[in-house]
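Asks: next come a sequence and a model predicted from it.
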Amino acid sequence: MAEIQDKLLLFFSCFILYLLEVHWEYSIIPVLLAVITSSLSTYMEDRRLKLGFFLIYIACCQLIPYCFVFLPLMIYDIAYYDYQFLSLLILFPFFLNFNYFSPAIIAITILFFILSWIIKYRSLTYQRIRLEYNELQDTSKELALLQEQKNQSILENQDYEINVATLNERNRISKDIHDNIGHLLSRSLLQLGALLTITREETTREGLTALKDSISSGMDSIRSSIHNMHDESIDLYTVIDTLVKDFTFCKINFEYDLKSSPDIKLKYTFIAIVKEGLANIIKHSNATKVLISLREHPAMYQLILSDNGMIEDPKQLRLKRLFENQVYQEGMGIQNITDRVKSFQGNINFSFDEGFRIFISIPKNK
């Protein structure tokens, strides 16, 4: 847009000068040549084409001397480009047609040449600054997005650490209660039993019996609370991540994307399946890469356990028949995995393409 504005300014300046100087029967011809050549040069992006239009116009100046007045308009297109030194070619029409114009017109035309270079420099500077500004804006937005992602990651890590610390503290408290208060109550119950055995008075026996029942009831409540606290302290990610870190047979990747916490029974099921799957890889596979993926979908949990171990064709066929007939070999643990999945009314599929793969999906409401 700035280039068009500059060329309009140059054109009308040259046109006014042309009207004052030229009184020719075909005076429209230089104007049309200047407009057409300059418009085509502006439309073309290739700098070599711009140079070509400039050279064509220089040739026109040799044929029609009055075209010289519009040369500042053509100079604008090659100024500050690779072939700008060819702008010296304007000296040929200048000296060849020197007698056609008055000194004042020649002086003003030279001023227009200088003006053409100045406004071209200003436009290029403006374009460069605008480009740098746009790049700076893009970079700032990108950095802001990265910073936002980093902050979100920090918050998630903080939440995770707080959750792990809370679960560890619950686990510690439940163990303390079990080891201290649980043992004291158990010992008290044993002592009460001994007192009931040796006591003869009926009134005392009734009191001791009521006390024993109360302590037994409290003991059951404490035991139930301890079990609940221990169950809640099981963090699925931490347990599986520990299994992954302890797995040194080959390279292993673990992807975890659960937003909610599954039921405690389902947690134990996932942990048991992962343990069984990793044990099978160690025993039966020559894999060099293992993937464990645990994801949550709106209606189900999905567990994928895969490796890239090579399975020979005869063995593949035999395994496919076994899995189709659901007749599993002892020692593979597949029967245990299948039974666990079916207890939650889930689905399990096996694949032998490019390694061994177990795909498990378990509905959320089960």
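Replies: Great, that's in hand.

Asks: CA only for contacts and neighbour counts going forward, please
Replies: Fine.

Asks: my guess is Gln316 contacts Asp353. True?
Replies: No - judged on CA atoms under 8 Å, Gln316 makes no contact with Asp353 at a distance of 9.4 Å.

Asks: higher neighbour count, these two?
Replies: Higher neighbour count among Gln316 and Asp353: Gln316, with 16 against 12, using other CA atoms under 10 Å.

Asks: element containing the more buried one?
Replies: Using DSSP states H and E, Gln316 falls within helix 313-325.

Asks: count the neighbours of Thr238 for me.
Replies: 11.

Asks: elements contacting the host helix or strand of Ile215?
Replies: Per DSSP H and E: Ile215 is located in helix 202-232. Applying 3 or more CA pairs under 8 Å, 6 or more residues apart in numbering; DSSP states H and E, one finds that helix 202-232 contacts helix 103-176, helix 182-198.

Asks: identify the residue nearest Ile348 in space, chain neighbours excluded?
Replies: Closest residue in space to Ile348, ignoring its immediate chain neighbours: Ile360 at 4.5 Å, by CA to CA, 6 or more residues apart in numbering.

Asks: list the strands paired with the helix or strand containing that neighbour, with their directions.
Replies: Applying DSSP H and E as the criterion places Ile360 in strand 357-363. Sheet pairing here is set by DSSP bridges, and for strand 357-363 it gives strand 300-307 (antiparallel), strand 347-351 (antiparallel).

Asks: surely Arg295 is within a helix?
Replies: No - per DSSP: H, G, I helix; E, B strand; the rest coil, Arg295 lies outside any helix segment and is strand.

Asks: right, and it touches Phe270 too?
Replies: No - look at Arg295 against Phe270 with CA under 8 Å: they stay out of range, at 11.6 Å.

Asks: between those two, which contacts overlap?
Replies: Leu303 (CA atoms under 8 Å, 6 or more residues apart in numbering).

Asks: which of the two has more neighbours?
Replies: A count of neighbours by other CA under 10 Å puts Phe270 above the other of Arg295 and Phe270, at 22 against 16.

Asks: ok, that one to Leu258 distance?
Replies: Distance, Phe270 to Leu258, by CA to CA, to the nearest Å: 12 Å.

Asks: give the contact list for Tyr66.
Replies: 22, 30, 100.

Asks: and what of Glu132?
Replies: Applying CA under 8 Å, 6+ apart, no residues qualify as near Glu132.

Asks: pLDDT value on it, please?
Replies: pLDDT, Glu132: 93.

Asks: so how far is Ile114 from it?
Replies: In terms of CA to CA, Glu132 sits 27 Å off from Ile114.

Asks: and the next element down the chain from the helix-or-strand element of the chain with minimal mean pLDDT?
Replies: One helix or strand of the chain scores below all others by mean pLDDT, DSSP states H and E: helix 313-325, with a mean of 69. Next along the chain after helix 313-325, taking DSSP H and E as the criterion, comes helix 334-343.

Asks: please parse the protein into its domains.
Replies: Domain assignment for the chain by the TED database gives 1-101, 152-232, 236-363.

Asks: got JSON lines for those domains, with distance to Thr139 too?
Replies: Below are these laid out as JSON lines (distance: least, CA to CA, whole Å):
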{"stretch": "domain 1-101", "distance to Thr139": "25"}
{"stretch": "domain 152-232", "distance to Thr139": "20"}
{"stretch": "domain 236-363", "distance to Thr139": "30"}
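
Asks: out of these, flag the one nearest Ile118.
Replies: Proximity to Ile118, assessed across the domains of the chain by CA to CA, is greatest for domain 1-101 (9.4 Å).

Asks: tell me where the model's unsure across the stretch 151-300 of the chain.
Replies: Along the stretch 151-300 of the chain, the model assigns pLDDT under 70 to residues 228-233.

Asks: now do 80
Replies: 155-179, 181-182, 200, 223-234 (pLDDT under 80).

Asks: picking that back up, buried residues in the strand holding Ile360, which are they?
Replies: 357-358, 360-362 (16 or more other CA atoms under 10 Å).

Asks: and the residues you listed, which two are furthest apart?
Replies: Farthest pair in these, by CA to CA: Arg357 and Ile362, 16.5 Å.

Asks: scan the contacts of Tyr66 and report the most crowded one.
Replies: Highest count within the contacts of Tyr66 by other CA under 10 Å belongs to Pro30, 21 neighbours.

Asks: element containing that one?
Replies: Going by DSSP H and E, Pro30 is part of helix 28-43.

Asks: average pLDDT for that helix?
Replies: 86.

Asks: quick check: next helix or strand after that helix?
Replies: Helix 28-43 is succeeded, C-terminally, by helix 47-63 (DSSP H and E).

Asks: so how far is that following helix from its chain's centroid?
Replies: Here helix 47-63 is found 52 Å from its chain centre; the criterion is CA atoms, centre = their mean, to the nearest Å.
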